[in-house]
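Undergrad: A predicted structure for the sequence below; I have some questions about it.
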Amino acid sequence: MDSILIIEDEKDIVEAIEYNLKKEGFKIYKAYDGKSGLKQARDKNPSLILLDLMLPGMDGLEVCKSLKREKALATIPVIMLTAKSSELDKVLGLEIGADDYITKPFSMRELMARIKRVLRRWEDREKKTPGLHFPNLEIDIEKHEVRVGGKLVSLTAKEFSLLCYLAENKGRAITRERLLDTVWGVEVAIESRTVDVHIKTLREKLKKAGKYIYTLRGVGYKFRE
Ligand code: CA
């Protein structure tokens, strides 16, 4: 059974989400502030985390960054709950590694669809080969690690997802829109140059292995050996 940790200080929202998720068969854990949320994430190892942005004390951004820094927690998908689209911009701009975002007020139906989609994406990835190996480039999906020439490279969650998606679809042309949809997974308008910016940083971090990511002018990108 999938379990979901809700980190949100507004008790009414927690209750509403809990009620609806339980009906769908999820096991629920709750935390009303960031610190205890992190603790629960470590203790319970949930399948997914719903994380409110505005929390007392440690806010959602800090919680998300901490989650993504801890190896054992980094692979747990996170859906951020934000109150306004201006907050959403902040989340997107800061590149904190959340897997999806939903703006309040949201319908339970919409939230459920997001949760299922994120979980499905995660399961699909785990079903595929746990590792992708190329000369000078090793991607360990389970450990969330990338090595270039044997040396560990530190990537953000988004950069890691981008690289995995491209490498898993080796030889295929992938449009920016496809990458936005798969890696960012949000329906809000993000400019497609966001993809270019991330690819640029990713290439720089990958150094000599950056050449695997080939630009298809006016289309998108392709991973090629
Ligand atoms: Ca809040």
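TA: Received the coordinates, thanks. Numbering: from 1, shown residues only.
Undergrad: just checking, next helix/strand downstream of the longest helix belonging to the chain?
TA: The helix that spans the most residues within the chain, counting by DSSP state H, is helix 108-127. Toward the C-terminus, helix 108-127 is succeeded by strand 131-134 as the next helix or strand (DSSP states H and E).
Undergrad: check the offset of that next one from the chain's centre.
TA: 21 Å (C-alpha atoms, centre = their mean, to the nearest Å).
Undergrad: flag every buried residue along it.
TA: Applying a neighbour-count criterion of 16 or more other C-beta atoms under 10 Å, one finds residue 132 buried in strand 131-134. Every residue, glycine included, has its C-beta placed from N, CA and C.
Undergrad: list the residues that contact the residue sitting nearest the centre point of the chain.
TA: Closest residue to the average C-alpha location of the chain: residue 99 at 2.5 Å, with C-alpha atoms, centre = their mean. By C-beta atoms under 8 Å, 6 or more residues apart in numbering, the contact set of residue 99 is 77-79, 118, 121, 157, 185.
Undergrad: show me what the strand or helix carrying residue 21 packs onto, helices and strands only.
TA: Per DSSP H and E: residue 21 is located in helix 11-23. Other helices and strands packing on helix 11-23, by 3 or more C-beta pairs under 8 Å, 6 or more residues apart in numbering; DSSP states H and E, are strand 3-7, strand 27-31, helix 108-127.
Undergrad: make it 10 Å
TA: With contacts taken as 3 or more C-beta pairs under 10 Å, 6 or more residues apart in numbering; DSSP states H and E, helix 11-23 sits against strand 3-7, strand 27-31, strand 48-52, helix 108-127.
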